[in-house]
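**Student:** Below are the sequence and a predicted model; questions follow.
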Amino acid sequence: MDIQWKEQYKHPNWQKKRLEVMQYREFTCQVCGDNSKTINVHHKAYIKGRKVWEYENDQLECLCETCHK
């Protein structure tokens, strides 16, 4: 059974990938350079049929909440 897109963000595989990307990017926003705000992991582009955790680290970026808006 396929996991709905929204539910994928609660999946342990996404949580693991998210932490990996934040560590890779040193918990720093790639737009403004802030490392004191809450960091979100953002997909640069989505690929149809791919789960949210099935992306390479360079296809994801860390953004602070302000830049992510």
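**Tutor:** Now that the structure is in, tell me what you want to look at.

**Student:** report the longest helix in the chain, please.
**Tutor:** Assignment by DSSP state H gives helix 12-24 as the longest helix of the chain.

**Student:** Now do that one: distance to the chain's middle.
**Tutor:** Offset of helix 12-24 from its chain centre (CA atoms, centre = their mean, to the nearest Å): 7 Å.

**Student:** Let me see the ranges of the helices in this structure.
**Tutor:** Using DSSP H, helices in the chain cover 5-8, 12-24, 65-68.

**Student:** Can you name the residues bridging to the residue nearest the centre of the chain?
**Tutor:** With distances taken as CA atoms, centre = their mean, the residue of the chain nearest its centroid is Val41 (2.5 Å). Under DSSP bridges, the beta-bridge partners of Val41 are Cys62.

**Student:** So what's the residue count around Leu60?
**Tutor:** Leu60 has 21 neighbours, counted by other CB atoms under 10 Å. The C-beta positions use only the backbone N, C-alpha and C, and glycine is treated the same way.

**Student:** tell me the contacts of Asp2?
**Tutor:** Contacts for Asp2 (CB atoms under 8 Å, 6 or more residues apart in numbering) come out as none.

**Student:** what's the distance between it and Gln8?
**Tutor:** Separation of Asp2 from Gln8 (CB to CB, to the nearest Å): 10 Å.

**Student:** which residues sit against the lowest-mean-pLDDT helix or strand in the chain?
**Tutor:** For the chain, counting by mean pLDDT, DSSP states H and E, helix 5-8 ranks last in confidence among helices and strands (a mean of 88). Helix 5-8 is contacted by residues Trp14, Lys51, Val52, Trp53 when judged by CB under 8 Å, 6+ apart.

**Student:** what about 10 Å?
**Tutor:** Identification of contacts with helix 5-8 by CB atoms under 10 Å, 6 or more residues apart in numbering yields Asp2, Trp14, Tyr46, Lys51, Val52, Trp53, Glu54.

**Student:** What residues of stretch 11-20 count as buried?
**Tutor:** Residues of stretch 11-20 classed as buried: Trp14, Lys17, Arg18 (neighbour count, 16 or more other CB atoms under 10 Å).
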